[in-house]
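> coordinates only, sequence not included:
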């Protein structure tokens, strides 16, 4: 079993960065990726679908909102015990499955000695509500003679032991440990998009500093939840009525299409990978994290500072941007204006294809950047706004951005290893 997970807010670690200019650090390779989304599972299907038109989300089940639902999947392939599957909710099954894909990709699956010292950093939300219990309580309380007693009775008798308001966020890490045998240190971060940024940043920093040789990092999200859509819908963050690609939503007031997906990376020190004969899919060269207060021009200032750190490492003509823009406003328009001002690099917003899933979104986009670098070309433009255009030459570097729908900013630089 993994060490006790430590739940940490990205607020404790914001405004920090890890990059080669700070320390004579070890090179960090990406040796495995695992992705499960509305496009399907694994690397080949994602690359093929990214080079076609963006898929339409599920439009009816959650109307007036829409959701990018996870593709049909045989969970038995990565979670063979039915008992394990039954005790997980959907977000845990999605994440545990994606983690297994990453371990397979890295050639680490089933290798007990390697898994015993593999560290794990998971980005997770608060878990899922039990909608049937919530509905029964809300329906029954107005009719109860003693509403307070009624509430206490049903909370004590109807909720499963794993629920405290919502499921414990570190259950995903625990299930990955149980199912896949990853038993090094374990950390779980909470904090929407920024938890994913900091999960990658800290895994990268630990490898650079020699505190870790190999790490499994990622997260999962189940967007097929009425309570979640209600929460973000009341905040005005969710796209309604009809679908449009990310950059084309501003004229309609913007909005996210919430998604179900899981994404994991295996990050590894170069020397460690070479010693076990693992090949690099790409190099993670830098990860930066910050958290502006979103007042005035603070988001632009934060993005400019991070971009300036990466700029000396960028090569003209062979660099692209994969954006984590969600479609929510004003964050998406701020990022769009920033990217137009700092460079003429080709841009892709993956939210047009897979939707927005908060915690695992940054990890997913690093994985998709890794796919593009492996194919030496950027996937097709996904909108007609003019923001996304074809890339003339080969791609050798990709800057991955994350501007959270409400708070939190991050960037990563992913380089090809030829």
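Received, thanks. Bear in mind the structure is a predicted one, so any value in this text is a computation, not a measurement. Numbering: from 1, shown residues only.
> What residue, apart from its backbone neighbours, is nearest the residue nearest the centre of the chain spatially?
Computing the C-alpha centroid of the chain and ranking residues by CA atoms, centre = their mean puts residue 360 first, at 1.5 Å. Once flanking residues are discounted, residue 360 sits nearest to residue 219: 3.7 Å by CB to CB, 6 or more residues apart in numbering. (Glycine included, C-beta is placed from N, CA and C.)
> How about residue 258?
Per CB to CB, 6+ apart, closest to residue 258 is residue 223, 3.8 Å.
> okay but that neighbour is in contact with residue 259, surely?
Yes: contact status for residue 223 versus residue 259: in contact at 4.8 Å, counting by CB atoms under 8 Å.
> intersection of neighbour lists for those two?
Applying CB atoms under 8 Å, 6 or more residues apart in numbering, one finds that residue 223 and residue 259 are jointly contacted by 67, 68, 355, 357.
> Can you name the residues that contact the nearest residue to the second one once chain neighbours are set aside?
Put plainly, it is residue 68. Leaving out its chain neighbours, the residue that sits closest to residue 68 by CB to CB, 6+ apart is residue 355, at 3.3 Å. Residue 355 is in contact with 37, 38, 57, 67, 68, 223, 256, 257, 258, 259, 261, counting by CB under 8 Å, 6+ apart.
> Just among those, which is most surrounded?
residue 261 (31 neighbours; other CB atoms under 10 Å).
> Kindly provide the distance from that one to residue 112.
Here the distance between residue 261 and residue 112 works out to 29 Å (CB to CB, to the nearest Å).
> okay but residue 94 is in contact with residue 260, surely?
Yes: in this structure, residue 94 is within contact of residue 260 by CB under 8 Å, at 6.3 Å.
> what residues do the two have in common as contacts?
Counting by CB under 8 Å, 6+ apart, the residues touching both residue 94 and residue 260 are 70, 221, 222.
> all helices for the protein, in order.
43-50, 82-86, 90-105, 112-116, 131-140, 147-158, 171-180, 192-208, 226-234, 270-275, 298-310, 331-342, 351-354, 361-375 (DSSP state H).
> how about these in CSV, adding mean neighbour count?
CSV is the format used below for the helices of the chain (neighbours: other CB atoms under 10 Å):
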stretch, mean neighbour count
helix 43-50, 17
helix 82-86, 12
helix 90-105, 26
helix 112-116, 13
helix 131-140, 13
helix 147-158, 12
helix 171-180, 23
helix 192-208, 27
helix 226-234, 16
helix 270-275, 15
helix 298-310, 18
helix 331-342, 18
helix 351-354, 27
helix 361-375, 26
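> Let me know the pLDDT of the residue lying closest to residue 71 once chain neighbours are set aside.
The shortest distance from residue 71 to any residue other than its chain neighbours is 4.6 Å, reached at residue 40 (CB to CB, 6+ apart). At residue 40, the pLDDT value in this model is 98.
> burial measure for the closest residue to residue 218 other than its chain neighbours, as a count.
Excluding the flanking residues, the one nearest residue 218 by CB to CB, 6+ apart is residue 264, at 3.1 Å. If you count neighbours by other CB under 10 Å, residue 264 ends up with 32.
> Residue 264 touches residue 33, doesn't it?
Yes: counting by CB under 8 Å, residue 33 is a contact partner of residue 264 at 7.3 Å.
> between the two, what contacts are shared?
Contacts common to residue 264 and residue 33, judged by CB under 8 Å, 6+ apart, are 101, 102.
> what about residue 390, how many neighbours?
When counting by other CB under 10 Å, one arrives at 9 neighbours for residue 390.
> if I look at the residue located most distally from the centre of the chain, how far off is residue 153?
Each residue of the chain has a distance to the centre, and by CA atoms, centre = their mean the biggest one is for residue 145: 45.7 Å. To residue 153, residue 145 is 12 Å away according to CB to CB.
> Also residue 83?
29 Å.
> How about residue 306?
In terms of CB to CB, residue 306 sits 51 Å off from residue 153.
> same check, this time on residue 34
Residue 34 is 42 Å from residue 153, by CB to CB.
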